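Novice: Got a sequence here, can you build the structure:
(one chain, ligands or ions: 1)
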Amino acid sequence: MILPIYLYGQPVLKKVAEDIDAEYPNLKELIENMFDTMHHAQGIGLAAPQIGLAIRLVVVDLDVLAEDEPEFKDFRRVYINAHIIETSDETDTMEEGCLSLPGIHEKVTRPSRIHVTYLDENFVEHDEWVEGYLARVMQHEFDHLEGKVFSDRLSPLRRQMNKNKLGDLAKGRVYCDYKVKRVLR
Ligand code: NI
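Specialist: I've put the predicted structure just below:
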């Protein structure tokens, strides 16, 4: 089932999300719905706050990148209770976009490597260092779990440049070809 994606300006995107346990109601179905919602909107990552739930659940599908990066063939992952516990001093700068901020694409600087802990969909624990494009996607998605979006990471100048777009978004004035929950003011 395709769920509406909450746009910038929705309070849930500013909440710190909470850990869940295996008893979380209809978790399997929720994960399926999140994949459906993300695919429909042609995204590669989606965090639960983006569908209105302040819980630490993220889905990622990088298969669309497999033509250039074969290691991402069939790369579909579920990250539950994800936490970044350490980051490298070395950084990378890459362009990012977000399904909750349609129409905004900006370069963001982030650590190159991250040490993460999470549970997969079977509640098996993982503890690993991640680098490259996946580390980038994880940091973007896990930021959503901390109540942050990528525009919070822009330099004051770049944020100023996007001020009008962000203002329109926060007022629900945006065109979008997927189902969204906009702020009506
Ligand atoms: Ni996002």
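
Novice: Strands of this protein, residue ranges please.
Specialist: Secondary structure of the chain by DSSP state E: the strands cover 5-6, 45-47, 57-61, 76-87, 91-96, 106-111, 113-119, 125-131, 180-181.

Novice: got the contact list for the fifth one?
Specialist: Defining contact as Cβ atoms under 8 Å, 6 or more residues apart in numbering, one finds that strand 91-96 is touched by 105-112, 136, 140, 150. Where you see a C-beta, it was placed from the backbone N, CA and C, and this is true even at glycine.

Novice: Name the residues of that strand that come out as buried.
Specialist: Across strand 91-96, burial judged by 16 or more other Cβ atoms under 10 Å covers 92, 96.

Novice: Please compute how far it lies from its chain's middle.
Specialist: Centroid separation between strand 91-96 and its chain, computed with Cα atoms, centre = their mean, to the nearest Å, is 15 Å.

Novice: just the fourth one next, same as before
Specialist: The chain centroid and the centroid of strand 76-87 are separated by 11 Å, computed with Cα atoms, centre = their mean.

Novice: okay, the angle between it and strand 106-111?
Specialist: 60 degrees (axes from the mean of the first three to the mean of the last three Cα atoms, to 10 degrees).

Novice: In strand 76-87, which residues are buried?
Specialist: By 16+ other Cβ under 10 Å, the buried positions in strand 76-87 come out as 77-82, 84, 87.

Novice: Nearest spatial neighbour of Val137, chain-adjacent residues omitted?
Specialist: For Val137, ignoring the flanking residues on the chain, the nearest one in space by Cβ to Cβ, 6 or more residues apart in numbering is Gly45 at 5.1 Å.
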